[in-house]
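1. Sequence and predicted structure below; questions after.
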Amino acid sequence: MLPLSLLYCTIMILRREAYGSGLLKAHRIDKPVIVIGNLSVGGTGKTPLVIWLANQLARKGIRPAVISRGYGGRAKDFPLLVNAETHAAISGDEPAMIARSLGCPVVIDPDRVAAANWLIERNLCDVIISDDGLQHLALGRDLEIVIITSDAVAGNGLCLPAGPLRENPSRLKSIDLVISREKKSALTEHTMDLLPGECSRLDNPAMRLPLSAFWKSPVHAIAGIGNPEGFFSSLSTAGLEIIPHPFPDHYDYTPADISFADGLPVIMTEKDAIKCSEFATRNHWAVTVSVEVDEGILSSVLETIKEFDSNG
(Lines give C-alpha, C1' and ligand atoms only; values in the text may rest on other atoms or scores of the structure.)
Protein backbone atom coordinates (compact mmCIF):
# COMPACT_ATOMS: atom_id res chain seq x y z
CA MET A 1 0.00 0.00 0.00
CA LEU A 2 2.98 2.35 0.43
CA PRO A 3 3.18 3.49 -3.25
CA LEU A 4 -0.55 4.26 -3.21
CA SER A 5 -0.12 6.09 0.08
CA LEU A 6 2.64 8.28 -1.39
CA LEU A 7 0.52 8.98 -4.47
CA TYR A 8 -2.48 9.93 -2.32
CA CYS A 9 -0.38 12.22 -0.12
CA THR A 10 1.14 13.93 -3.17
CA ILE A 11 -2.30 14.51 -4.69
CA MET A 12 -3.55 16.07 -1.45
CA ILE A 13 -0.54 18.41 -1.29
CA LEU A 14 -0.94 19.47 -4.94
CA ARG A 15 -4.66 19.98 -4.46
CA ARG A 16 -4.11 22.24 -1.47
CA GLU A 17 -1.47 24.22 -3.36
CA ALA A 18 -3.88 24.62 -6.28
CA TYR A 19 -6.49 26.16 -4.00
CA GLY A 20 -3.87 28.29 -2.25
CA SER A 21 -2.57 29.70 -5.54
CA GLY A 22 -6.00 30.35 -6.98
CA LEU A 23 -5.69 27.71 -9.69
CA LEU A 24 -8.75 26.13 -8.09
CA LYS A 25 -11.30 28.52 -6.65
CA ALA A 26 -12.20 28.53 -2.97
CA HIS A 27 -15.63 30.15 -2.62
CA ARG A 28 -15.92 32.79 0.10
CA ILE A 29 -19.38 33.39 1.50
CA ASP A 30 -20.99 36.25 3.39
CA LYS A 31 -20.78 34.68 6.84
CA PRO A 32 -17.80 33.45 8.88
CA VAL A 33 -17.05 29.75 8.38
CA ILE A 34 -15.58 27.63 11.17
CA VAL A 35 -14.25 24.26 9.99
CA ILE A 36 -13.90 21.40 12.47
CA GLY A 37 -12.05 18.34 11.22
CA ASN A 38 -9.10 16.05 11.71
CA LEU A 39 -6.14 14.66 9.83
CA SER A 40 -7.06 11.01 10.30
CA VAL A 41 -9.99 8.73 9.60
CA GLY A 42 -11.93 7.55 12.59
CA GLY A 43 -13.27 9.30 15.65
CA THR A 44 -11.52 12.08 17.51
CA GLY A 45 -14.57 13.83 18.96
CA LYS A 46 -15.52 16.20 16.13
CA THR A 47 -19.28 15.83 16.48
CA PRO A 48 -19.40 16.46 20.27
CA LEU A 49 -17.22 19.53 19.72
CA VAL A 50 -19.54 20.79 16.96
CA ILE A 51 -22.52 20.45 19.33
CA TRP A 52 -20.65 22.12 22.18
CA LEU A 53 -19.51 25.04 20.02
CA ALA A 54 -22.95 25.62 18.51
CA ASN A 55 -24.48 25.68 21.99
CA GLN A 56 -21.86 28.11 23.27
CA LEU A 57 -22.40 30.49 20.35
CA ALA A 58 -26.18 30.36 20.77
CA ARG A 59 -25.78 31.33 24.44
CA LYS A 60 -23.84 34.39 23.25
CA GLY A 61 -26.76 35.43 21.03
CA ILE A 62 -24.99 34.29 17.84
CA ARG A 63 -27.05 32.17 15.44
CA PRO A 64 -25.01 29.11 14.36
CA ALA A 65 -25.80 26.65 11.60
CA VAL A 66 -24.08 23.34 10.87
CA ILE A 67 -23.31 21.93 7.45
CA SER A 68 -22.21 18.35 6.78
CA ARG A 69 -21.70 16.00 3.88
CA GLY A 70 -24.22 13.56 5.36
CA TYR A 71 -21.93 10.55 5.11
CA GLY A 72 -23.78 7.24 5.19
CA GLY A 73 -27.18 8.81 4.47
CA ARG A 74 -29.41 7.90 1.56
CA ALA A 75 -30.75 11.38 0.77
CA LYS A 76 -31.12 12.14 -2.94
CA ASP A 77 -32.19 15.78 -2.94
CA PHE A 78 -29.85 18.49 -1.67
CA PRO A 79 -29.48 20.72 0.20
CA LEU A 80 -31.47 18.86 2.88
CA LEU A 81 -32.49 20.59 6.11
CA VAL A 82 -32.20 18.01 8.87
CA ASN A 83 -34.47 18.20 11.92
CA ALA A 84 -35.28 16.04 14.93
CA GLU A 85 -37.68 13.93 12.86
CA THR A 86 -35.27 13.19 10.00
CA HIS A 87 -34.37 9.51 9.91
CA ALA A 88 -30.67 8.79 10.36
CA ALA A 89 -30.80 6.48 7.34
CA ILE A 90 -31.64 9.53 5.21
CA SER A 91 -29.33 12.16 6.66
CA GLY A 92 -26.53 10.00 8.09
CA ASP A 93 -26.10 9.33 11.79
CA GLU A 94 -23.94 12.33 12.73
CA PRO A 95 -26.20 15.04 11.18
CA ALA A 96 -29.22 13.37 12.79
CA MET A 97 -27.47 13.37 16.17
CA ILE A 98 -26.47 17.04 15.79
CA ALA A 99 -30.00 18.08 14.75
CA ARG A 100 -31.55 16.32 17.74
CA SER A 101 -29.06 17.92 20.11
CA LEU A 102 -29.35 21.49 18.82
CA GLY A 103 -32.00 24.04 18.05
CA CYS A 104 -30.10 25.48 15.09
CA PRO A 105 -30.30 24.62 11.37
CA VAL A 106 -28.39 21.54 10.20
CA VAL A 107 -28.00 21.15 6.43
CA ILE A 108 -26.40 18.29 4.51
CA ASP A 109 -25.04 18.45 0.98
CA PRO A 110 -21.96 16.89 -0.66
CA ASP A 111 -21.47 20.40 -2.09
CA ARG A 112 -20.75 22.40 1.07
CA VAL A 113 -20.69 25.69 -0.81
CA ALA A 114 -24.27 25.04 -1.92
CA ALA A 115 -25.27 24.16 1.65
CA ALA A 116 -23.72 27.36 3.01
CA ASN A 117 -25.30 29.57 0.36
CA TRP A 118 -28.71 27.93 0.96
CA LEU A 119 -28.51 29.00 4.60
CA ILE A 120 -27.36 32.53 3.78
CA GLU A 121 -30.05 33.10 1.14
CA ARG A 122 -32.65 32.36 3.83
CA ASN A 123 -30.88 34.41 6.52
CA LEU A 124 -30.86 31.42 8.87
CA CYS A 125 -27.53 31.99 10.61
CA ASP A 126 -24.75 34.34 11.66
CA VAL A 127 -21.94 31.79 11.49
CA ILE A 128 -21.50 28.41 9.77
CA ILE A 129 -19.82 25.41 11.37
CA SER A 130 -18.60 22.88 8.82
CA ASP A 131 -18.53 19.43 10.44
CA ASP A 132 -15.64 17.27 9.20
CA GLY A 133 -14.91 19.86 6.52
CA LEU A 134 -11.13 20.21 6.65
CA GLN A 135 -10.49 18.56 3.29
CA HIS A 136 -13.43 20.27 1.51
CA LEU A 137 -11.32 23.14 0.21
CA ALA A 138 -13.87 24.54 -2.23
CA LEU A 139 -15.52 26.26 0.73
CA GLY A 140 -13.43 29.16 2.01
CA ARG A 141 -12.93 29.25 5.74
CA ASP A 142 -12.09 31.78 8.43
CA LEU A 143 -10.92 29.38 11.13
CA GLU A 144 -9.71 25.78 10.93
CA ILE A 145 -9.96 23.60 14.03
CA VAL A 146 -8.37 20.16 14.13
CA ILE A 147 -8.65 17.58 16.90
CA ILE A 148 -5.81 15.12 17.49
CA THR A 149 -5.92 12.19 19.88
CA SER A 150 -2.22 12.41 20.75
CA ASP A 151 1.04 14.05 19.70
CA ALA A 152 1.65 10.98 17.52
CA VAL A 153 -1.36 12.29 15.51
CA ALA A 154 -2.42 8.86 14.23
CA GLY A 155 -1.20 5.32 13.82
CA ASN A 156 1.87 4.67 11.70
CA GLY A 157 2.06 8.23 10.38
CA LEU A 158 1.21 7.21 6.80
CA CYS A 159 -1.55 8.49 4.56
CA LEU A 160 -4.36 6.37 3.17
CA PRO A 161 -4.47 3.53 2.28
CA ALA A 162 -1.27 2.43 4.06
CA GLY A 163 -2.18 4.40 7.17
CA PRO A 164 -5.05 6.35 8.74
CA LEU A 165 -4.02 9.87 7.68
CA ARG A 166 -6.03 11.99 5.26
CA GLU A 167 -3.17 14.50 5.05
CA ASN A 168 0.50 14.68 5.98
CA PRO A 169 1.11 15.59 9.66
CA SER A 170 2.97 18.72 8.48
CA ARG A 171 -0.50 20.13 7.68
CA LEU A 172 -0.86 20.90 11.38
CA LYS A 173 1.51 23.85 10.93
CA SER A 174 -1.12 25.72 8.91
CA ILE A 175 -4.06 24.92 11.21
CA ASP A 176 -5.41 27.86 13.21
CA LEU A 177 -6.45 25.89 16.28
CA VAL A 178 -5.16 22.40 17.17
CA ILE A 179 -6.93 20.66 20.04
CA SER A 180 -5.42 17.60 21.70
CA ARG A 181 -7.31 14.89 23.57
CA GLU A 182 -4.21 14.45 25.73
CA LYS A 183 -4.01 16.37 29.01
CA LYS A 184 -0.52 17.58 28.15
CA SER A 185 0.61 18.06 24.57
CA ALA A 186 3.84 19.29 23.03
CA LEU A 187 1.93 20.35 19.90
CA THR A 188 -0.75 22.60 21.38
CA GLU A 189 -1.91 24.33 24.54
CA HIS A 190 -5.56 23.56 23.78
CA THR A 191 -7.07 20.40 25.22
CA MET A 192 -10.41 18.64 25.13
CA ASP A 193 -11.93 15.77 27.07
CA LEU A 194 -15.12 13.77 26.58
CA LEU A 195 -16.81 12.84 29.85
CA PRO A 196 -19.52 10.16 30.08
CA GLY A 197 -22.68 11.39 31.78
CA GLU A 198 -26.13 9.97 32.39
CA CYS A 199 -27.69 6.99 30.64
CA SER A 200 -31.07 7.39 28.96
CA ARG A 201 -33.30 4.45 28.08
CA LEU A 202 -33.79 4.20 24.33
CA ASP A 203 -37.48 3.23 24.46
CA ASN A 204 -38.20 6.01 26.99
CA PRO A 205 -35.58 8.79 26.88
CA ALA A 206 -37.15 10.48 29.91
CA MET A 207 -35.99 7.51 31.97
CA ARG A 208 -32.44 8.32 33.09
CA LEU A 209 -29.90 6.69 35.36
CA PRO A 210 -26.42 7.75 36.40
CA LEU A 211 -23.67 5.63 34.86
CA SER A 212 -22.79 4.62 38.41
CA ALA A 213 -26.06 2.63 38.51
CA PHE A 214 -24.24 0.02 36.42
CA TRP A 215 -21.10 0.07 38.59
CA LYS A 216 -19.41 -3.34 38.84
CA SER A 217 -22.24 -4.83 36.78
CA PRO A 218 -21.65 -6.85 33.62
CA VAL A 219 -23.08 -5.04 30.58
CA HIS A 220 -22.92 -5.39 26.82
CA ALA A 221 -21.17 -2.34 25.36
CA ILE A 222 -21.90 -1.42 21.74
CA ALA A 223 -19.97 1.12 19.68
CA GLY A 224 -20.14 1.72 15.94
CA ILE A 225 -17.90 4.79 15.95
CA GLY A 226 -14.46 5.69 14.66
CA ASN A 227 -12.75 4.78 17.93
CA PRO A 228 -14.85 2.17 19.78
CA GLU A 229 -11.99 1.37 22.15
CA GLY A 230 -12.20 4.88 23.55
CA PHE A 231 -15.85 4.33 24.48
CA PHE A 232 -15.14 0.94 25.99
CA SER A 233 -12.28 2.38 28.01
CA SER A 234 -14.48 5.16 29.42
CA LEU A 235 -17.03 2.57 30.61
CA SER A 236 -14.34 0.41 32.19
CA THR A 237 -12.85 3.46 33.91
CA ALA A 238 -16.32 4.18 35.33
CA GLY A 239 -16.25 0.75 36.95
CA LEU A 240 -18.45 -1.24 34.58
CA GLU A 241 -17.64 -4.83 33.63
CA ILE A 242 -18.11 -4.64 29.89
CA ILE A 243 -18.60 -7.23 27.19
CA PRO A 244 -17.41 -5.20 24.16
CA HIS A 245 -19.11 -5.34 20.75
CA PRO A 246 -17.28 -3.07 18.27
CA PHE A 247 -18.92 -2.30 14.93
CA PRO A 248 -17.67 -0.33 11.90
CA ASP A 249 -18.19 3.43 11.93
CA HIS A 250 -21.64 4.45 10.60
CA TYR A 251 -22.83 0.84 10.92
CA ASP A 252 -26.46 0.18 9.97
CA TYR A 253 -27.81 -1.86 12.90
CA THR A 254 -30.42 -4.59 12.88
CA PRO A 255 -32.37 -5.81 15.94
CA ALA A 256 -30.22 -8.95 16.06
CA ASP A 257 -27.08 -6.86 16.50
CA ILE A 258 -28.19 -5.51 19.86
CA SER A 259 -30.17 -8.49 21.22
CA PHE A 260 -28.55 -10.86 23.71
CA ALA A 261 -30.08 -13.92 25.36
CA ASP A 262 -28.51 -13.29 28.77
CA GLY A 263 -30.74 -10.29 29.54
CA LEU A 264 -27.86 -8.05 30.59
CA PRO A 265 -28.12 -4.29 30.07
CA VAL A 266 -26.91 -3.01 26.70
CA ILE A 267 -25.10 0.33 26.74
CA MET A 268 -24.20 2.26 23.59
CA THR A 269 -23.12 5.69 22.35
CA GLU A 270 -25.63 8.41 21.45
CA LYS A 271 -24.58 8.05 17.82
CA ASP A 272 -25.51 4.34 17.87
CA ALA A 273 -28.76 5.06 19.72
CA ILE A 274 -29.93 7.29 16.86
CA LYS A 275 -30.07 4.18 14.65
CA CYS A 276 -31.32 1.69 17.26
CA SER A 277 -34.15 3.52 19.02
CA GLU A 278 -36.86 2.17 16.70
CA PHE A 279 -36.32 -1.43 17.79
CA ALA A 280 -34.81 -0.95 21.24
CA THR A 281 -36.27 -2.41 24.44
CA ARG A 282 -36.22 -1.35 28.10
CA ASN A 283 -32.81 -3.06 28.29
CA HIS A 284 -31.03 -0.59 25.99
CA TRP A 285 -29.32 2.54 27.24
CA ALA A 286 -27.38 5.40 25.64
CA VAL A 287 -24.60 7.30 27.41
CA THR A 288 -24.65 11.07 27.07
CA VAL A 289 -21.30 12.80 26.65
CA SER A 290 -20.22 16.22 27.86
CA VAL A 291 -17.32 18.16 26.38
CA GLU A 292 -14.69 19.76 28.57
CA VAL A 293 -12.42 22.26 26.81
CA ASP A 294 -10.17 25.14 27.78
CA GLU A 295 -11.52 28.68 27.59
CA GLY A 296 -9.15 29.68 24.80
CA ILE A 297 -11.06 27.66 22.22
CA LEU A 298 -14.30 29.64 22.47
CA SER A 299 -12.33 32.89 22.73
CA SER A 300 -10.56 32.16 19.43
CA VAL A 301 -13.86 31.44 17.68
CA LEU A 302 -15.48 34.61 19.03
CA GLU A 303 -12.48 36.68 17.97
CA THR A 304 -12.69 35.22 14.46
CA ILE A 305 -16.37 36.14 14.21
CA LYS A 306 -15.70 39.64 15.54
CA GLU A 307 -12.89 40.18 13.03
CA PHE A 308 -15.08 38.96 10.15
CA ASP A 309 -17.88 41.33 11.15
CA SER A 310 -15.54 44.30 11.49
CA ASN A 311 -14.10 43.66 8.01
CA GLY A 312 -17.44 42.93 6.41
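-> Yes, it's here. Numbering: from 1, shown residues only.

2. Check the secondary structure at S299 for me.
-> helix (DSSP: H, G, I helix; E, B strand; the rest coil).

3. Relative to V293, how far out is it?
-> As defined by CB to CB, to the nearest Å, S299 lies at a distance of 11 Å from V293. C-betas here are computed from N, CA, C, even on glycine.

4. tell me the domain boundaries of the chain?
-> The chain resolves into domains spanning 2-189+294-311, 194-291 when parsed by automatic domain parsing.

5. Show me the residue sitting in the middle of this protein in space.
-> For the chain, the residue whose C-alpha lies nearest the mean C-alpha position (CA atoms, centre = their mean) is T47; its distance is 2.4 Å.

6. Touching, that residue and P95? I think so.
-> No. Contact criterion CB atoms under 8 Å: T47 and P95 do not qualify, at 9.2 Å.

7. Now the common contact residues for the two.
-> Common contact partners of T47 and P95 (CB atoms under 8 Å, 6 or more residues apart in numbering): D131.

8. strand partners of the longest strand that the chain contains, parallel vs antiparallel please.
-> If you go by DSSP state E, the chain has its longest strand at strand 190-201. If you go by DSSP bridges, strand 190-201 pairs up with strand 177-180 (parallel), strand 204-210 (antiparallel), strand 284-293 (antiparallel).

9. looking at these, which is buried most?
-> Stretch with highest mean neighbour count among these: strand 177-180 (a mean of 21; mean count of other CB atoms under 10 Å).

10. still on that earlier bit, quick one: the strands paired with strand 190-201 as CSV, columns for mean pLDDT too.
-> Formatted as CSV, these follow (pLDDT from 0 to 100):
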stretch, mean pLDDT
strand 177-180, 95
strand 204-210, 95
strand 284-293, 94
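
11. Of all those strands, which one is nearest T304?
-> strand 177-180 (9.2 Å; CB to CB).

12. Show me the contact partners of that closest one.
-> 49, 143-151, 172, 187-188, 190-192, 293, 297, 300.

13. all strands of the protein, in order?
-> 33-37, 64-68, 80-82, 106-108, 127-131, 143-148, 177-180, 190-201, 204-210, 218-223, 241-246, 266-269, 284-293.

14. coming back round to it: export the strands paired with strand 190-201 to JSON lines and tack on distance to V41?
-> Formatted as JSON lines, the strands paired with strand 190-201 follow (distance: least, CB to CB, whole Å):
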{"stretch": "strand 177-180", "distance to V41": "18"}
{"stretch": "strand 204-210", "distance to V41": "31"}
{"stretch": "strand 284-293", "distance to V41": "20"}
